[in-house]
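Student: Sequence first, predicted coordinates after that:
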Amino acid sequence: MRAEGPTMGLARDREETGFQNDDTRQVYEEFPFTLWNEGSLDYCRKLLADHWRWTTFKSLRVLDVGCGTGCWSIVFSQIGAVVHAIDLTPVHVSVARKEAARRGLDIRFTVADLFSFETDERYDLVWCNGVLHHTRDALAGLRHIAKFVAPGGLPGCQPL
Ligand SMILES: C[S@@+](CC[C@H](N)C(=O)[O-])C[C@H]1O[C@@H](n2cnc3c(N)ncnc32)[C@H](O)[C@@H]1O
């Protein structure tokens, strides 16, 4: 029989979801990060250009892990990448899908927990922005998604 109490409750949440705890899951489900707009997309594009000199991703394959409501997925797609985006929160994926469709972008979205996500595909960039610190084990998450990087590709994760 399992002991009850706050600590055991947290451990159980960690086992059962990819989130750090149930509060994190609840916050995401109830307050989807939809606060970005065209200005945010411009800002993301500028960050990519200024920091990494990435202005075109013609046909590069990008996996956006924990895509949220799709801000980065949309930017990568707009500069030419072939984007596969995953997120554990269905409402985020649904908003992201609508935002991509509204812009005529062909982005593949999947509702998935990054810890159990599997694919034979490999990507030139595995992007994961603002996600791992909300999970039950950031390093294990990083290890898991790093295996999807193609030879010569890059992981782009922040913060860890
Ligand atoms: C702060 S938001 C960041 C969203 C997006 N990457 C961005 O930069 O706008 C964190 C996202 O990570 C997702 N997430 C958290 N844990 C996850 C997991 N284990 N697997 C997949 N997505 C997860 C949440 O649902 C949420 O959409």
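Tutor: Perfect, I can see it now. Numbering: from 1, shown residues only.

Student: ranges for the strands of this structure?
Tutor: Taking DSSP state E, the strands of the chain run over residues 61-65, 82-87, 108-111, 123-129, 149-158.

Student: my read: residue 85 touches residue 111, true?
Tutor: No. In this structure, residue 85 is not within contact of residue 111 by CB atoms under 8 Å, at 10.3 Å. Bear in mind the C-beta positions are built from the backbone N, C-alpha and C, glycine included.

Student: for the ligand, what are the nearby residues on the protein?
Tutor: For the chain, the residues found near the ligand under the criterion CB under 6 Å from any ligand atom are 18-19, 28, 33, 66-68, 71-72, 87-89, 92, 113-115, 129-131, 134-135.

Student: quick revisit: tell me, what's touching residue 85 and residue 111 both at once?
Tutor: Residues touching both residue 85 and residue 111 (CB atoms under 8 Å, 6 or more residues apart in numbering): residue 93.

Student: Selection in PyMOL covering whichever of the residues of the chain next to the ligand are buried, please.
Tutor: Here is the PyMOL command that picks out the buried ones among the residues of the chain next to the ligand, judged by 16 or more other CB atoms under 10 Å:
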select buried, resi 18+19+28+66+67+68+71+72+87+88+89+92+113+114+129+131+134+135
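
Student: Which of the residues of the chain next to the ligand fall in helices?
Tutor: Using DSSP state H, 28, 71, 72, 92 are the members of those that sit in helices.

Student: Can you say which two of these are spatially most distant?
Tutor: The span of these, defined through CB to CB, is set by 28 and 72 at 16.3 Å.

Student: Of residue 85 and residue 111, which one has the most company?
Tutor: Between residue 85 and residue 111, counted using other CB atoms under 10 Å, the more crowded position is residue 85 (28 against 13).
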